[in-house]
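Peer 1: Structure here, sequence nowhere to be found:
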C-alpha cells in the first residue's frame, strides 16, 4: 500500500445527502475539490438482533474510514464512523457525566446521575403489556 492510499483512509467531510431506508449517506470532501462519495453505510450501535438507527443530518461534519483500495474504487468502499462537534456547532451538554439526545424540535432524552428526563415537543407514547409508574 502506498502513502497516498494511507492518506485517504481516514477523511473528514460534510454530509451532503442521506438515504434513510438504506442507513447510508453521501459525504462531500471540501479538501478534495468538493468531491462527493458514494453512499456510505453509517455505523450503528447494532445491526443484527439489537438494531440501532441514527443517520446524520445533511450538513453534519463526519469522519469517514475507507478500506484499502488496490482496485481503484476511490472513495466508494468505506463507512461513516461518526459525527463530531466543532466551534460553530458546540456540544448540547457541558457535563461529561450527562448522556443526552436532543432533537431539532426541542425534544430531549437525558440521563444525569440517575435521573432520566424525557421531554417531547408533541406527545409521549408508551407501549407495553404492563406499565408501572411510581
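Peer 2: That came through, no problem. In this text, all values refer to a predicted model and were calculated from it rather than measured experimentally.
Peer 1: How far away from the center of its chain is the top strand by length along the chain?
Peer 2: The strand spanning the most residues in the chain, taking DSSP state E as the definition, is strand 10-19. Counting by CA atoms, centre = their mean, to the nearest Å, strand 10-19 is centred 10 Å from the centre of its parent chain.
Peer 1: Report the next helix or strand after it in sequence order.
Peer 2: strand 24-29 (DSSP states H and E).
Peer 1: Parallel or antiparallel, list what pairs with that next one.
Peer 2: strand 10-19 (antiparallel), strand 35-36 (antiparallel), strand 40-41 (antiparallel) (DSSP bridges).
Peer 1: Quick check: which ranges of the chain have low pLDDT?
Peer 2: For the chain, the stretches flagged by pLDDT under 70 are 1-6, 69-75.
Peer 1: Mind jotting down where the strands sit in it?
Peer 2: Using DSSP E, strands in the chain cover 10-19, 24-29, 35-36, 40-41, 61-66, 78-83, 99-102, 108-112, 115-119.
Peer 1: export the ones you listed to CSV and tack on distance to residue 54 and mean neighbour count?
Peer 2: For the C-beta atoms, the positions are set from N, CA and C on the backbone; glycine is no exception. Below are the strands of the chain laid out as CSV (distance: least, CB to CB, whole Å; neighbours: other CB atoms under 10 Å):
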stretch, distance to residue 54, mean neighbour count
strand 10-19, 11, 16
strand 24-29, 11, 20
strand 35-36, 22, 14
strand 40-41, 13, 19
strand 61-66, 12, 18
strand 78-83, 9, 18
strand 99-102, 8, 13
strand 108-112, 12, 14
strand 115-119, 17, 10
